[in-house]
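Q: only the shape, not the letters, is given here:
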């Protein structure tokens, strides 16, 4: 039995065929994009323009004009702020990074819950 992405790819090819370059496909994540492109490559019989592929996160960033921050860069920024505030009492970077990851995850979760309240 074909997997969902394989069925989706066949459906897209059946309906769009030579006009694939005119559409945009938004999937849950970048990994699904990779598999969908692979399925599409197996179906295509001739050289063709591919659709634009986005993960949901990338699509929202593309449409909004906002950029997605790099989590590692955010952790370093947070650590620099920690050092500025705590001075000589600041934790080592090895000690601080797990806390930074948790904190950024918590901030992200709070932000997600507040989105619908505006």
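A: Noted; the coordinates are in hand. Fair warning: this is a prediction, and the values are worked out from it, not measured in the lab. Numbers count the residues shown, from 1 in each chain.
Q: show me what residue 54 bridges to in the sheet.
A: Using DSSP bridges, the bridge partners assigned to residue 54 are residue 26.
Q: for residue 67, phi and psi?
A: Torsion angles at residue 67 (phi, psi; degrees, to the nearest 10) stand at phi -110, psi 150.
Q: what does residue 44 give?
A: Residue torsions, per degrees, to the nearest 10, at residue 44 are phi -60, psi 130.
Q: do you know how far it is from residue 77?
A: Residue 44 sits 44 Å away from residue 77, going by CB to CB, to the nearest Å. (C-beta placed from N, C-alpha, C; glycine too.)
Q: the strands in this structure, which residues?
A: Counting by DSSP state E, the chain has strands at residues 24-27, 52-55.
Q: mind checking which of the ones you listed is nearest residue 15?
A: Nearest of the strands of the chain to residue 15, taken as CB to CB: strand 24-27 at 12.0 Å.
Q: cool, thanks, signing off.
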